[in-house]
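Student: What follows is a predicted protein model with its sequence.
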Amino acid sequence: MLYALSIRPEPFSMASDSMQVFTPEEQKQLPKHIAIIMDGNGRWAKSLGKPRLFGHRNGVKNVRDIVNAARAIGIPYVTLYAFSQENQNRPSEEKSGLMKLLQEFIKIELNGMQRDGIRLRAIGDLRGLPDYARKAVEDAIEKTKTNQSWNLTLALNYSSRQEVLQAVSSYCESQDERNGELTWAGFAEHLETKDLPDPDLIIRTSGEFRLSNFLLLQAAYAEIFVSPLHWPEFDRKAFEDALREYIRRERRFGKTSEQLTTQNSLPHSS
Ligand code: FPP
């Protein structure tokens, strides 16, 4: 039997200007786009002797907390790996539990997204979702498509390799291919992420050091932060610690440290 699926209705709150945990200098160096691999719901639940869906339900609760923190801190793009194509191999009870959580999440959040100007996007093959979940997501994408204040992207039934194959196919049929000049910028226009900046920071919870078929090309220059905490316990403090670690790192984009200093051209401060 499925564990009760109700989620506490705590919709996205208005981002508060009072959350000044970073100095103005630090704020200039914050990532613009954070992508998160929300791993460890199952292990967290197991550690408490609870069913896996208890972990996923608390995972959704944490989505709200971290989204609200990101908005308050001033990070304009967050992308969440909510369901991979490989996750289709999970037991049907867990899959349908996740899909119901997704539908409920959208239902609860849509008004708040409209109120706060949040644009919802999805990457991944939505045809692989059950109709009720796909319709909820597509409806929210349509209703929020003119919102411009903040950007939430859900990776749903997503596979980076599949995305690349589709981009290659789309590129080959396009005018770009006929013009004969293959550039990264031109090719990236055929990726599902064409409207998003590349992620600056990828956070993975639960201690695993891999990308698991998530944004493989877009992550070419991303900093990767792995937290030992399971996703439901990755709280605002842990999120802020990840951001501080990001700020401390020097992103060289192939240059030397000296070049960056003399040219005063730290890429993430421009
Ligand atoms: C991986 O951890 C996580 C998932 C497959 C699902 C992530 C989904 C959520 C956080 C909730 C849904 C999100 C939204 C936006 C509605 P795991 O459960 O496989 O953990 P484990 O590796 O410990 O088993």
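Tutor: Noted; the coordinates are in hand. Just so we're clear, the structure is a prediction, and the values are computed from it rather than from any experiment.
Student: residues in contact with the helix or strand Ala122 falls within?
Tutor: Taking DSSP states H and E as the definition, one finds Ala122 inside strand 118-123. Outside strand 118-123, the residues that touch it by Cβ atoms under 8 Å, 6 or more residues apart in numbering are 12, 79, 106, 112-113, 137, 140-141, 144-156, 158, 163, 192-193, 195-196. (C-beta placed from N, C-alpha, C; glycine too.)
Student: Show me which of these are buried.
Tutor: 12, 79, 106, 113, 137, 140-141, 144, 147, 150-156, 158, 163, 192-193, 196 (16 or more other Cβ atoms under 10 Å).
Student: Check which element follows the lowest-mean-pLDDT helix or strand in the chain along the chain.
Tutor: Counting by mean pLDDT, DSSP states H and E, the chain has its least confident helix or strand at helix 175-179, which shows a mean of 72. The first helix or strand that comes after helix 175-179 along the chain, using DSSP H and E, is helix 184-188.
Student: and the contacts of strand 118-123 near the ligand, which?
Tutor: Leu154 (Cβ under 6 Å from any ligand atom).
Student: Now the closest residue to the ligand within the stretch 101-250 of the chain. Its backbone dihedrals?
Tutor: Closest to the ligand within the stretch 101-250 of the chain is Phe105: 3.9 Å, counting by Cβ to the nearest ligand atom. Phe105 adopts backbone torsions of phi -60, psi -50, taken as degrees, to the nearest 10.
Student: sorry, back to before: helices - which of the contacts of strand 118-123 land there?
Tutor: Among the contacts of strand 118-123, the members falling in helices (DSSP state H) are Ile106, Gly112, Met113, Val137, Ala140, Ile141, Glu163.
Student: The last one contacts Leu191, doesn't it?
Tutor: Yes: in terms of Cβ atoms under 8 Å, Glu163 counts as a neighbour of Leu191; the distance is 6.1 Å.
Student: ok, the spatially most central residue of the chain - contacts?
Tutor: The residue lying closest to the centre of the chain (Cα atoms, centre = their mean) is Thr79, at 1.8 Å. Thr79 sits next to His33, Ile34, Ala35, Ile36, Ile123, Leu152, Thr153, Leu154, Ala155, Leu196, Pro199, Leu215 when contact means Cβ under 8 Å, 6+ apart.
Student: Wasn't Ser206 part of a strand?
Tutor: No: under DSSP: H, G, I helix; E, B strand; the rest coil, Ser206 sits outside any strand and is assigned coil.
Student: so who does it touch?
Tutor: Each residue near Ser206 by Cβ under 8 Å, 6+ apart is listed here: Asp39, Gly40, Arg43, Ser227, Pro228, Leu229, His230, Trp231.
Student: got the residues of this protein near the ligand?
Tutor: Counting by Cβ under 6 Å from any ligand atom, the chain sits next to the ligand at 38-43, 55-56, 59-60, 63, 80, 82, 87, 98, 101-102, 105, 154, 206, 231.
Student: Just the buried ones out of these, please.
Tutor: Counted by 16+ other Cβ under 10 Å, the residues of the chain next to the ligand give 38-42, 55-56, 59-60, 63, 80, 82, 87, 98, 101-102, 105, 154, 206, 231 as buried.
Student: Out of those residues, name the ones that lie in strands.
Tutor: Residues of these located in strands (DSSP state E): Leu80, Ala82, Leu154.
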